[in-house]
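# sequence plus the predicted model coming up.
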Amino acid sequence: METLVKEAIEQYADRHTSEVSPLLEEVLAETEARTGKPDWSVGKVQGQFLKMLVGLSGAKTVVELGTLIGFSALVMAEALPPDGEIITCEADPVHAEIARRFFARSPHGHKIRLELGDALKTLSGFRAKSVDAVFVDADKADYPSHYEESLRILKPGGWMAIDNVLWDGEVVNPDNDDDDVTAVKRFNEKLRQDTRVEKVMLTIRDGVYLVRKR
């Protein structure tokens with residue numbers, strides 16, 4: 001991943017961020033070993049940011065779209081109360097099985113429910129205005145539909161964080177017509193014009209669009 005700020009600043013921010021547990025360090029290492037891409041996981045700084053959002057907002061029910069092998073679900077689960085729950089959606093059965101093994105080893109794993117299959121189908125089973133927070137990190141072409149369904153189930157005042165909205169900085173490259181870049185640009189513009197939410201785009205890692213439902 002091309003860093004959006006200087007590498008030295010990224011490293012400085014990492015050093016000045018709370019450490020994650022040994023289990024979460026293992027999840028990060030396993031993600032890199034299996035994918036060859038350390039940036040596929042949200043990483044320590046973004047993970048601790050999501051954990052803090054959960055804690056500060058008092059969220060009890062969180063939905064995640066895109067489990068991979070479980071780092072973000074586990075780090076957010078740490079901030080949930082004992083009766084809180086994260087419902088995380090994953091389409092890849094191999095990733096889901098690895099994530100379940102990590103969940104079973106965590107003292108917070110009982111707060112996580114993994115749903116294998118199409119995320120939109122899972123979302124359709126939620127009542128409107130029934131969840132406190134949503135983290136979206138799935139296929140970029142599906143972002144518009146994922147966003148609409150997530151907004152439907154989100155309580156007023158609830159928040160949503162959408163990942164990879166700067167796509168290695170390529171969203172400002174007018175010559176890049178890659179499918180993912182184009183999809184992210186279109187989604188960002190859709191969200192920019194959406195008056196149903198308050199929003200702020202953050203340059204954390206690969207870009208996070210943080211929105212709050214009015």
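Looks like it arrived, so ask away. Numbering: from 1, shown residues only.
# doesn't residue 115 belong to a helix?
No. Using DSSP: H, G, I helix; E, B strand; the rest coil, the assignment for residue 115 is strand, not a helix.
# spit out the contact partners of it.
87, 88, 89, 90, 122 (C-beta atoms under 8 Å, 6 or more residues apart in numbering). For every residue, glycine as well, the C-beta is placed using N, CA and C.
# can you lay out these as a markdown table showing pLDDT, neighbour count and distance to residue 74?
Compiled in a markdown table, those are given as follows (pLDDT from 0 to 100; neighbours: other C-beta atoms under 10 Å; distance: C-beta to C-beta, whole Å):
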| residue | pLDDT | neighbour count | distance to residue 74 |
| --- | --- | --- | --- |
| 87 | 98 | 20 | 14 |
| 88 | 98 | 29 | 10 |
| 89 | 98 | 23 | 15 |
| 90 | 97 | 27 | 13 |
| 122 | 96 | 18 | 19 |
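# in those residues, find the pair that's most separated.
Pairwise distances among those were taken by C-beta to C-beta; the largest, 10.9 Å, belongs to 87 and 90.
# and the strands in the chain, which stretches?
61-65, 85-90, 112-116, 131-136, 154-163, 197-202, 208-213 (DSSP state E).
# tilt between the third one and strand 85-90?
On the basis of axes from the mean of the first three to the mean of the last three C-alpha atoms, to 10 degrees, strand 112-116 is oriented at 30 degrees to strand 85-90.
# also the last one?
With the same axes, to 10 degrees defining the directions, strand 208-213 sits at 130 degrees from strand 85-90.
# now do the fourth one
Strand 131-136 runs at 30 degrees relative to strand 85-90, counting by the same axes, to 10 degrees.
# run the chain-centre distance for strand 131-136.
Put simply, strand 131-136 sits 9 Å off its chain's centre (C-alpha atoms, centre = their mean, to the nearest Å).
# identify all contacting residues around that strand.
So strand 131-136 is contacted by 50, 53-54, 57-66, 72, 76, 143, 146-147, 150, 153-155, 158-163 (C-beta under 8 Å, 6+ apart).
# what residue is smack in the middle of this protein?
residue 135 (4.0 Å; C-alpha atoms, centre = their mean).
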